[in-house]
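Trainee: missing the sequence, but the structure's below:
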Ligand code: EPZ
């Protein structure tokens with residue numbers, strides 16, 4: 001079984017270039033199917049979720065080619081809306097084909113999306129907004145099938161904020177007949193980036209980044225070239241890796257403007273930073289103040305995806321920190337693993353109470369993408385050796401993690417098979 005081996009307790013210092021955003025590129029890859037030419041995505045991250053999305057695109061007839069870090073998607077010959085279950089149930093983003101392949105092919109059949117073990121992750125909001133636009137949808141225990149000769153505009157208010165459902169709605173409305181008005185939309189930067197791509201391809205969208213989005217359907221979209229923006233969650237992960245080891249790390253291309261809530265917490269812990277010509281220069285040498293209380297929230301609040309990496313930093317801070325997870329039901333598994341490293345962590349419903357201090361290396365298990373990255377941070381901070389099982393979860397969203405950590409002075413390797421502890 002594959003695992004990371006980390007020798008912790010070493011200082012990290014140096015520079016990391018932040019990769020393209022996973023949660024931007026995944027919906028954009030699906031949205032490319034709305035046009036019948038070739039889309040070019042520059043700075044596309046080479047991560048497992050992108051590779052999985054590529055396989056799904058190829059299975060429906062798209063031609064895929066890499067040119068350096070540019071992903072070329074030839075969507076002229078897309079011929080089916082059948083998404084193979086082998087890929088679809090591997091990750092959440094298969095749901096995005098509802099908003100793009102259904103308008104394109106008039107029919108889609110997809111199994112319920114897989115993804116991380118962080119909660120139930122229903123898709124009812126996705127299905128509801130597509131039904132409001134005229135889609136007929138049948139569900140069974142495995143997945144759903146949707147039919148639509150021509151989607152039409154609608155007025156729809158989301159009963160709860162959902163990033164993915166907002167993205168699916170905008171994609172489906174882009175070539176629907178008439179106007180759509182969506183309210184109570186998510187405001188995440190990834191939605192703004194998706195709309196920027198769709199507008200480059202000819203869509204007529206207003207209000208992205210606010211809770212009210214208006215889309216005027218156009219007859220068709222055309223090919224576009226798009227540069228994937230830097231990944232704010234990966235940048236925040238390296239920020240917290242640096243904080244856990246009290247290092248000095250420069251994050252090139254980090255979207256500091258999308259990390260205000262995160263940088264606010266970082267500063268309150270004693271972190272110092274400045275933005276210098278597009279690089280977020282950080283100094284964690286004075287980190288030491290525990291976090292009295294933080295709760296995750298939809299953007300611009302503190303992102304749920306950085307809750308586990310923050311918990312890893314709190315596990316190194318003497319004193320009591322409290323983190324409330326308000327987005328997902330079960331996103332504390334990494335914190336439970338950190339208990340094996342000496343952190344005193346108590347879960348009270350959706351609140352984690354962490355009494356941190358000196359961590360010691362241990363054998364731990366990654367259960368999801370961001371929790372796995374948090375365990376890397378904890379392992380780098382701990383004295384001694386940490387083994388992390390299931391690094392494949394981390395591969396889903398982090399490009400060249402071992403290489404970057406090694407360049408920063410960390411000791412991390414990846415092995416297959418079992419070793420003596
Ligand atoms: C996106 O997931 C991200 N994934 C997640 O990142 C991120 O944690 C999440 O947004 C919140 O910011 C991608 O963009 C690929 P939601 P998404 O719909 O769209 C509930 C990572 O690590 N809900 O905003 O699936 C849901 O259960 C991943 O990169 C419904 O009830 O999240 C959750 O409690 C993890 N019905 C809440 O809404 C629905 O139909 C927010 O989920 C949809 C969602």
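Mentor: Looks like it came in fine. Since we're looking at a predicted model, the values are computed, not measured.

Trainee: how close does residue 339 sit to residue 220?
Mentor: 55 Å (C-beta to C-beta, to the nearest Å). Quick note: C-beta positions are derived from backbone N, CA and C, even for glycine.

Trainee: relative to residue 380, how far out is residue 240?
Mentor: 11 Å.

Trainee: same deal with residue 16?
Mentor: Applying C-beta to C-beta to residue 16 and residue 380 gives a distance of 13 Å.

Trainee: so, low pLDDT: which residues of this protein?
Mentor: 89, 114-116, 417-421 (pLDDT under 70).

Trainee: can you pull the residues of it lying near the ligand?
Mentor: Proximity of the chain to the ligand is confined to 22-23, 26, 92-93, 116, 119-126, 160, 162-165, 186, 190, 304-305, 327-328, 369-370, 397 under the rule C-beta under 6 Å from any ligand atom.

Trainee: from those residues, keep the buried residues only.
Mentor: Buried by 16 or more other C-beta atoms under 10 Å: 22-23, 26, 92-93, 116, 121, 123, 125-126, 162-165, 186, 190, 304-305, 327-328, 369-370, 397, out of the residues of the chain next to the ligand.

Trainee: among those residues, which lie within helices?
Mentor: Counted as lying in helices by DSSP state H, out of these, are 22, 23, 26, 125, 126, 163, 164, 165, 190, 369, 370.

Trainee: distance to residue 48 added to the residues you listed, as JSON lines?
Mentor: JSON lines is the format used below for those (distance: C-beta to C-beta, whole Å):
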{"residue": "22", "distance to residue 48": "10"}
{"residue": "23", "distance to residue 48": "14"}
{"residue": "26", "distance to residue 48": "11"}
{"residue": "125", "distance to residue 48": "26"}
{"residue": "126", "distance to residue 48": "23"}
{"residue": "163", "distance to residue 48": "20"}
{"residue": "164", "distance to residue 48": "19"}
{"residue": "165", "distance to residue 48": "24"}
{"residue": "190", "distance to residue 48": "18"}
{"residue": "369", "distance to residue 48": "9"}
{"residue": "370", "distance to residue 48": "14"}
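
Trainee: re earlier: more neighbours: residue 339 and residue 220, which one.
Mentor: residue 339 (16 against 11; other C-beta atoms under 10 Å).

Trainee: now the strands: where do they sit in the stretch 1-150 of the chain?
Mentor: Along the stretch 1-150 of the chain, counting by DSSP state E, counting those that start in this stretch, strands occupy 3-8, 13-17, 38-42, 63-67, 70-74, 107-111, 136-139, 143-147.
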